[in-house]
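[1] need the 3D shape of this:
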Amino acid sequence: MIATELSLKHGAVLLWAGTNCGPVVMIKQLAKMLGMDFGKPLAGQDNRFTDILLYGYEKEPVPYVHNKKQLKGFYRGCVHDLRYMRDAGTISRGNLRAIRFFSRQEPCPMCSGSETSSERISITIGGRSVSEVSRLPIPDLLLFIKNLPLSLDIFERERCSEIIEEVETRLIYLHKIGLQTLHVV
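    This next block holds a predicted model:
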């Protein structure tokens, strides 16, 4: 959302480039307040200002004039503005285009997109994480469960045998009726 090789004057805040909306006017005033050079590329200025442009400035409100009105408010940042437009259900084509362009879903490197807590990720079954096992197709999961006792010691086998049998019975039934995957929520 920020092109650090550009200056604010030349559209460094890509979300608002080419517009003169309230956030742009506020950004201009904020840059003045913080001693940023409006005509100098962001790459040649304090790196913290780029973070402020993205995530906001909450130390003090920014006074600015927009549509001939004297206003004052905290600068929320581009990330907040984009989320707000998305969550508010904007119907503006320009805003929808910006949301599509600047928003992308990337799987979390920790949970591989499973949205599983780090505590659950650390739990393993037969050398695999719980989230990995839960994504297996039913035939593979059934094979995994059938072979699971081989990877357990005697104590673990005694404690888990009933659960493993129950899970195996249910997976056999699901496989028999033609279900191929489980969608764990």
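[2] tell me what the host helix or strand of residue 101 is packed against?
    Here residue 101 is covered by helix 93-102, with elements defined by DSSP states H and E. Helix 93-102 makes packing contacts with helix 78-87 when contacts are defined by 3 or more C-beta pairs under 8 Å, 6 or more residues apart in numbering; DSSP states H and E. C-betas here are computed from N, CA, C, even on glycine.
[3] circling back to that earlier point, tell me the mean pLDDT for the helix holding residue 101?
    Taken as a whole, helix 93-102 carries a mean pLDDT of 82.
[4] longest helix of the chain?
    Longest among the helix segments of the chain by residue count, using DSSP state H, is helix 154-176.
[5] that one packs against which elements?
    Using 3+ C-beta pairs under 8 Å, 6+ apart as the contact criterion, the elements in contact with helix 154-176 are helix 138-147.
[6] contacts for the helix it packs on next, please.
    Residues external to helix 138-147 that are found in contact with it (C-beta atoms under 8 Å, 6 or more residues apart in numbering): 126, 128, 133, 136, 164, 167-168, 171-172, 174-175, 179-182.
[7] helix, strand, or coil at residue 106?
    Following DSSP: H, G, I helix; E, B strand; the rest coil, residue 106 is assigned to coil.
[8] can you name the element that comes right after the helix or strand of the chain with the lowest mean pLDDT?
    For the chain, scoring each helix and strand by mean pLDDT, DSSP states H and E identifies helix 118-121 as the least confident one, at a mean of 70. For helix 118-121, the following helix or strand on the C-terminal side (DSSP H and E) is strand 124-125.
[9] pLDDT of that following strand, averaged?
    Averaging pLDDT residue by residue across strand 124-125 gives 82.
[10] and it, how far out from the chain middle?
    Remark: strand 124-125 is offset 26 Å from the chain centroid, using C-alpha atoms, centre = their mean, to the nearest Å.
[11] which residues touch the next helix or strand after it?
    Going down the chain from strand 124-125, the next helix or strand is strand 128-129, by DSSP H and E. The contact list for strand 128-129 (C-beta under 8 Å, 6+ apart) reads 121, 122, 123, 144.
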